[in-house]
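Student: Fold the stuff below for me.
(2 chains)
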There are 2 protein chains.
Amino acid sequence: MKRRSLLSLASSAPLLAAGCAAPPRAVDADAPLPATGDLGVVVERARGALTVVNTSRREAVGRVEGLGDLSHASVVFSRDARFAYVFGRDGGLTQVDLPARRIARRVLQAGNSIGGAISADGRLVVAQNYQPGGIKVFDAATLALLADVPALTPDGARSRVVGLADLPQQRFIYSLFDADAICIADCADPRRPQVQTLPAVGRQPYDALLSPNGRHYIAGLFGEDGLALVDLWQEPARARRILSGYGRGQQPLPVYKMPHLRGWALAGRHAYLPAIGRHEVLVVDTDSWQEVARIPVAGQPVFVMARPDGRQVWVNFSVPDYHRVQVIDTPSQQVVQTLQPGRAVLHMEFTPRGESVWISCRDDNRVQVYDTHSLQPQARLDVDAPSGIFFTARAQRMGF
Amino acid sequence: MKRRSLLSLASSAPLLAAGCAAPPRAVDADAPLPATGDLGVVVERARGALTVVNTSRREAVGRVEGLGDLSHASVVFSRDARFAYVFGRDGGLTQVDLPARRIARRVLQAGNSIGGAISADGRLVVAQNYQPGGIKVFDAATLALLADVPALTPDGARSRVVGLADLPQQRFIYSLFDADAICIADCADPRRPQVQTLPAVGRQPYDALLSPNGRHYIAGLFGEDGLALVDLWQEPARARRILSGYGRGQQPLPVYKMPHLRGWALAGRHAYLPAIGRHEVLVVDTDSWQEVARIPVAGQPVFVMARPDGRQVWVNFSVPDYHRVQVIDTPSQQVVQTLQPGRAVLHMEFTPRGESVWISCRDDNRVQVYDTHSLQPQARLDVDAPSGIFFTARAQRMGF
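Tutor: Now for the predicted structure:
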């Protein structure tokens, strides 16, 4: 009997294996299925792990370990919202299978990495690297390296790359901290990217953002008092300075943490951005690119993020004020609420239609979820030292 | 050697079996999985069926039959992008399980229905009805009826309902064709919706749209030459007329098909809308709500849709010009291309990041996919009499 079962097992093993590998076609409508539209991940910075979350049920649904150094990690998603691509500080690029809750593939692609992007067609994943500088292009399905594109200063030294974002048509834009340049890499032939360089954009671009429509790329400048703007709808693309004298160059306060430009809020025709070193949020007209207002806030802003409808802007702060979050009403441009979600607020993420916001409170080891209309807590998740929060709806958006 | 492998197989058999019976937690990273972020449906109008499509592979991946009368059908998606809710002309509301490719639940909820919406939290599905008038509120998980909300004229007669859209906080907005009114139903207590009525908005609102940020609701007026606008960020909400005299009331051409307002394009600060009965697309400033330009086009426009980045607007036409599609470049406000995708173009849908557009050509029984940058065909799918095309990314957006 035992022998027969062994034999039958052996003979059916290929079928079994195939049966396990294939997707379930007929399923119970009430059974949990790996639909992925409402999933997300919370980075557990200290543990090198992700907590997988469900934003409909507002709870943790799984955990994936073994992702290396996740300080300053960032995440993009595959077009079908099945895979998370995690860019670790240690140069690790990990493809995490969300429905399976496990690592599918992982490569150590650089010595020090600071983020990545995915093409609109979902076929190319690109990492931006500090050490060595440059970008690397990977096949999103296999993580096979397709191209290693150096980023060089005029003297031929390698430059650190920051502010990487996807553009339409398998193109990517990024900034060279050490070369005062912005580059656009066309990866239509991904093994031979064609790189266009815009030189002398300003001193030391340190981070950048792409507007939600993909038209404007804005790089913050560490080495001078202003920002660099590229209008990607103009031919040929060129960079110009905006907001010269907005305060970067004459800081009355020590800067505890550089703000993240990626968190800039674009609401209606106004951009809301963190004033560096000051307890202010700047309001900028996106037609004239002139500053039109400053809103006093409770500390040095780090993330300044618009609710998806643009009706509110949420702000968190650097130490010592990072136990607070403030909510700005955009029509009146006033702070309407100050919340204390927990200790060491590091990141915020809105649900796609904006009804909730998830806030990571690192030193309380929890993620706090708020109703953005009532401003009341909706849920609380225990997560070890949470930092970045990323929802799969990012797969559907440019510049994330 | 062979024996050892058999034994090791046997000892792992319970694990294998558990892996097959349970939802697949450990799966082959290369196997197709029901991740749903890049799925969509094409309505087969004549067959009462849906073709399920994958927009990454640009191909049909399944088919679901038995949905009743799908002329003028519309579709919304569950928050996790697993279920499509199909509103049929015959009053059928069908919950289709996309990964399983089958009907999960179906109710006949009215005699004549014209569309529906889903709340931001994904818990409520609402249908708008012609016959009898009014809206019905359903539990999105079970399709249990929660509330039947009549829509009445001042004389107490039932009114047809059009232009339904979801608002934040389980609220819905819709127009009463027979009562010259716009209603906002707050379904926070879904068994007892609270309805606010804005009376005398204009004669015979026949369709409406919600701006992508949920701020502006605009209803077209069949009975007079203008539109009704509600700014939902103002308290209290009230309707005002805009674009009076824009041409609706003095038609020099017969109107072959009423344009769909739902297809209005909002690109930057301009709205692009179909002129009724004229071979023109109107351009309207969304600050002043004044007409700022008219763009000559190849026929009477039906759908006027912005590529997600707003750089292009695509237009299809009513009979006899419905074999053509035109592409407007928004910065120059000029037609830059005229395509002939096939006979009887009924609908268009952009992929979420806008790299492709899918076009249904009813009388050629095919869906034609174009690259929106090169304007070249990318793929072609055989589908029986295709009409509406809907991608799951709509789950993440307001007003769809």
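
Student: check contacts around the residue nearest to residue A:143 when sequence neighbours are not counted.
Tutor: With sequence-adjacent residues excluded and distances taken as Cβ to Cβ, 6 or more residues apart in numbering or on different chains, residue A:143 is closest to residue A:105, at 4.7 Å. Bear in mind the C-beta positions are built from the backbone N, C-alpha and C, glycine included. Shown in contact with residue A:105 (Cβ atoms under 8 Å, 6 or more residues apart in numbering or on different chains): A:94-95, A:142-143, B:29.

Student: any weak-confidence spans in chain A?
Tutor: Residue ranges of chain A with pLDDT under 70: A:1-34, A:247-260, A:262-263.

Student: Now do the helices in chain A.
Tutor: Using DSSP state H, the helices of chain A run over A:2-21.

Student: Around chain B, which positions in the stretch 251-400 of chain A sit nearby?
Tutor: The interface of the stretch 251-400 of chain A toward chain B, taken as Cβ under 8 Å from any Cβ of the partner chain, is made up of A:268-269, A:308-311, A:331, A:351-355, A:373, A:392-393, A:395-398.

Student: which of those count as buried?
Tutor: A:268-269, A:308-311, A:351-355, A:392-393, A:395-398 (16 or more other Cβ atoms under 10 Å in any protein chain shown).

Student: Tell me which entries of the residues you listed lie within strands.
Tutor: Cross-referencing these against strands under DSSP state E gives no overlap.

Student: residues contacting the nearest residue to residue A:88 once chain neighbours are set aside?
Tutor: Leaving aside its chain neighbours, residue A:88 sits nearest to residue A:68 (4.6 Å; criterion: Cβ to Cβ, 6+ apart). Contact analysis of residue A:68 by Cβ under 8 Å, 6+ apart lists A:48, A:88, A:90, A:92, A:94, A:108.

Student: mind redoing it with 7 Å?
Tutor: Shown in contact with residue A:68 (Cβ atoms under 7 Å, 6 or more residues apart in numbering or on different chains): A:48, A:88, A:90, A:92.

Student: I'd like to know which of the residues you listed is nearest to chain B.
Tutor: The shortest approach to chain B among those belongs to residue A:92, at 17.0 Å (Cβ to the nearest Cβ).

Student: so how far is residue B:39 from the residue lying closest to that closest one once chain neighbours are set aside?
Tutor: Among residues not flanking residue A:92 along the chain, residue A:68 sits closest, at 4.1 Å (Cβ to Cβ, 6+ apart). Noted for residue A:68: a distance of 32 Å to residue B:39, by Cβ to Cβ, to the nearest Å.

Student: likewise residue A:340?
Tutor: In terms of Cβ to Cβ, residue A:340 sits 41 Å off from residue B:39.

Student: same question, residue A:196
Tutor: With distances taken as Cβ to Cβ, residue A:196 is found 35 Å from residue B:39.

Student: Name the residue in these two with the higher neighbour count.
Tutor: residue B:39 (28 against 13; other Cβ atoms under 10 Å in any protein chain shown).

Student: which residues sit in contact with the closest residue to residue A:200 other than its chain neighbours?
Tutor: Take residue A:200 and drop its neighbours on the chain: the residue closest to it by Cβ to Cβ, 6+ apart is residue A:180, 5.9 Å away. By Cβ under 7 Å, 6+ apart, the residues touching residue A:180 are A:200-204.

Student: Kindly report the same for residue A:385.
Tutor: Here residue A:385 is in contact with A:44-46, A:362, A:365 (criterion: Cβ under 7 Å, 6+ apart).

Student: repeat for residue A:161
Tutor: Contacts for residue A:161 (Cβ under 7 Å, 6+ apart) come out as A:128-129, A:133-135, A:151, A:174, A:176.

Student: Which pair of those residues spans the longest distance?
Tutor: A:129 and A:176 (11.5 Å; Cβ to Cβ).

Student: what does the stretch 101-250 of chain A have sitting close to chain B?
Tutor: For the stretch 101-250 of chain A, the contact set with chain B under Cβ under 7 Å from any Cβ of the partner chain comprises A:101-102, A:104-105, A:120-122, A:168-169, A:213-214, A:233.

Student: what about 8 Å?
Tutor: Residues of the stretch 101-250 of chain A lying near chain B (Cβ under 8 Å from any Cβ): A:101-102, A:104-105, A:120-122, A:168-169, A:213-215, A:233.

Student: In strands, which of these appear?
Tutor: Of the positions in those, A:102, A:104-105 sit in strands, assigned by DSSP E.

Student: can you redo the residues you listed as TSV with distance to residue A:190?
Tutor: Shown next, in TSV, are these (distance: Cβ to Cβ, whole Å):
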residue	distance to residue A:190
A:102	27
A:104	20
A:105	17
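
Student: Of those, which is the nearest to chain B?
Tutor: residue A:104 (3.7 Å).

Student: Let's see if you can find the most crowded of the contacts of residue A:68.
Tutor: Compared across the contacts of residue A:68, residue A:88 has the highest neighbour count, 26 neighbours, by other Cβ under 10 Å.

Student: shouldn't that one be in contact with residue A:75?
Tutor: No. With contacts counted by Cβ atoms under 8 Å, residue A:88 stays clear of residue A:75, the gap being 10.2 Å.

Student: got a list of what the one residue in the stretch 151-300 of chain A that gets nearest to chain B touches?
Tutor: When scored by Cβ to the nearest Cβ, the stretch 151-300 of chain A has residue A:213 as its residue closest to chain B, at 4.5 Å. For residue A:213, the contacting residues are A:398, B:268, B:308-311, taking Cβ under 8 Å, 6+ apart as the criterion.

Student: In the residues you listed, find the pair that's most separated.
Tutor: So, those by Cβ to Cβ: farthest apart are A:398 and B:268, at 15.0 Å.

Student: Residue A:271 against residue A:286, yeah?
Tutor: Yes. With contacts counted by Cβ under 8 Å, residue A:271 reaches residue A:286, the gap being 5.5 Å.

Student: Who has more neighbours out of these two?
Tutor: For residue A:271 versus residue A:286, neighbours defined as other Cβ under 10 Å are more numerous around residue A:271 (24 against 19).

Student: now the more buried one: how far from residue A:281?
Tutor: Counting by Cβ to Cβ, the separation of residue A:271 from residue A:281 is 10 Å.

Student: what are the ranges of the strands in the stretch 1-150 of chain A?
Tutor: Under the criterion DSSP state E, counting those that start in this stretch, the stretch 1-150 of chain A contains strands at A:39-44, A:49-54, A:59-64, A:74-77, A:83-87, A:92-97, A:102-108, A:112-118, A:124-131, A:134-139, A:145-149.

Student: Tabulate those strands in a markdown table, adding columns for distance to residue B:223.
Tutor: Putting the strands of the stretch 1-150 of chain A into a markdown table (distance: least, Cβ to Cβ, whole Å) gives the following:
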| stretch | distance to residue B:223 |
| --- | --- |
| strand A:39-44 | 47 |
| strand A:49-54 | 47 |
| strand A:59-64 | 50 |
| strand A:74-77 | 47 |
| strand A:83-87 | 52 |
| strand A:92-97 | 56 |
| strand A:102-108 | 58 |
| strand A:112-118 | 49 |
| strand A:124-131 | 53 |
| strand A:134-139 | 58 |
| strand A:145-149 | 60 |
